[in-house]
Each structure stands twice: as structure tokens, then as C-alpha cells.
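One predicted model, sequence on top.
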Amino acid sequence: MQIDPNHEGPYPLLPVDSETCSHLNFSDTDDIAQWFSTDLTLMHNVIIRALNAIWLYAPLVLPEDESAFTGYALACVSMIRWHHDAQENFVFPRLQRKADMRPNVLQHLGFDARMKSFEEYLNKVHDRREPFDSEKVIELRRGFGGKLVQHLHDEVRTVSPARLLTFNRDKLKRIADALDDNKTGFRDSSTLFPFIITAHNQEHAPDWPVVPTALKWFLSHVGLHLHRQYWIFSPYTIDGELQNYPPHKHED
């Protein structure tokens, strides 16, 4: 069986305007409404690609790679939690006056319990307290994946550039600054940044995500190697090349 490594299913990616991305400077606040919305779209596609990779590769995991696979899937859960915590702490409260963010929070709560069940099982397998069962991985991921992906699609519409332009530019700048400050959390995690850059299509936005240069170098060259086996399940290499698992080519 030839495996399609593009990770565009079973969950659909959000549409990305490559021309907009190619002209967008994520470090420039002049067009903050556009890059804020685009940044969210790119982050959501990172999560969707990873969920698709988990579905795609779970039945193919070799015994010697079970720990790496569960580590990758746990990195996905950590990424989702970090992302949603940032939104609930820094974004939603500041936008609530003009846009009702409560449906977004309710959607978070709607899949959280089942995601916890997925996380608990992964931790047991990772710690060798339970055997790896690819069917159970897919079943547990399916339990929350559909609601999560629907939320990721819905949420982008709540922060579209047209809606954000109704807010004071200084307010948007303060939100963006708070989110940038939150990226220092990359330092405290050995998986967040490697997870993001190896699930991001660099052809859409080669300079994304924006982090301080020194931190980006450290995370790319040191952080990536701390759990290097996890990233064999990522859609892309650190250089942005599509990759397949297992590394050798599948034969028909």
C-alpha cells in the first residue's frame, strides 16, 4: 500500500491563501487583523495534520517504535492544551465585549473529557503499564477528534480579519503581545516547538511561527533532538520535506 503523506484526511485542513501568506510579515503589526487570523489558521492546521498522522500511522507502528509513537501523540495533546490555555487566558477575555467567545469555550469543554481518556491511555502505554493497541488508539482519537476539528474550523470564523477590524488596533496589539510572551513557554517544553515546525507546511509560510531568533535556533537544533524519535511520525522533517513512516518506501 502506498501511503499518502500529505495528511489532508480523514479530517480536512483549513484553507490557506498561499499568496496572502507569502506577502504577510508575521513580525509586522501594520496588518495585525490579517496575520492574527492567518496565524490561528496555520496553528489549527498543525493540530489537524497531527491528528491525521496519528490515524494514518497507528496501524503501522513497529514494536520498537511504540514508545516514540505514544510520545508523539502525547505531544499533540500537550500542544492542544497549550493552545487552548493561551486562548482562554489571553484572547477570549479581551474579545468578549464585542464578540461572544463563550461558544468557543463550550466547544473546548465538549471534547476535553474524551481527550483526557486518550491521554490517559497513551501515558499507560508510554510507561509500559498497558500494551499498545492500534485499534484502541484510533477509537479513542475518534472519540474527540471530530468535535475538536469542527471547533478548529468554527473558531477561525470567529476571529476573521473582518471581525477583528471592529476592534481597536491597540487592543489587538496587546493581545498579540500577550501571545508572543506566552511563546516563552516553548522554553519549558521539550516537545511544543518541534511538534509545531514538523507539522507545518513551510511552503505556506516559511517564516512561521515567529519566535526570537536565538530561541528558535535552540529549539530547532537542541529541542528537536531531545525526543528525535517522536518526530519520525511528523508529517514533515525539520527542513520542511514531506516524510513517511516507516522511513522506507511502502510497496504495493
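Happy to help now that I have it. Numbering: from 1, shown residues only.

drop to CA atoms for contacts and neighbour counts, all remaining ones
Noted.

where are the low-confidence patches of the protein?
Along the chain, segments meeting pLDDT under 70 span 1-8, 27-29, 184-188, 220, 223, 248-252.

Now do the helices in it.
Here the chain has its helices, by DSSP state H, at 18-22, 32-57, 66-86, 92-95, 102-126, 134-158, 161-164, 169-182, 192-197, 213-218, 224-226.

now those as JSON lines including mean neighbour count and distance to Ile232?
Shown next, in JSON lines, are the helices of the chain (neighbours: other CA atoms under 10 Å; distance: least, CA to CA, whole Å):
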{"stretch": "helix 18-22", "mean neighbour count": "14", "distance to Ile232": "26"}
{"stretch": "helix 32-57", "mean neighbour count": "22", "distance to Ile232": "10"}
{"stretch": "helix 66-86", "mean neighbour count": "20", "distance to Ile232": "8"}
{"stretch": "helix 92-95", "mean neighbour count": "17", "distance to Ile232": "35"}
{"stretch": "helix 102-126", "mean neighbour count": "17", "distance to Ile232": "16"}
{"stretch": "helix 134-158", "mean neighbour count": "17", "distance to Ile232": "17"}
{"stretch": "helix 161-164", "mean neighbour count": "16", "distance to Ile232": "35"}
{"stretch": "helix 169-182", "mean neighbour count": "15", "distance to Ile232": "27"}
{"stretch": "helix 192-197", "mean neighbour count": "24", "distance to Ile232": "11"}
{"stretch": "helix 213-218", "mean neighbour count": "12", "distance to Ile232": "20"}
{"stretch": "helix 224-226", "mean neighbour count": "17", "distance to Ile232": "11"}
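
Now Ala75: closest residue in space, sequence neighbours ignored.
Thr191 (6.0 Å; CA to CA, 6 or more residues apart in numbering).

what's the neighbour count on the one you found?
Using other CA atoms under 10 Å, Thr191 has 26 other residues around it.

same question, the one 10 residues further on
Taking other CA under 10 Å as the neighbour definition, Asn201 ends up with a count of 21.
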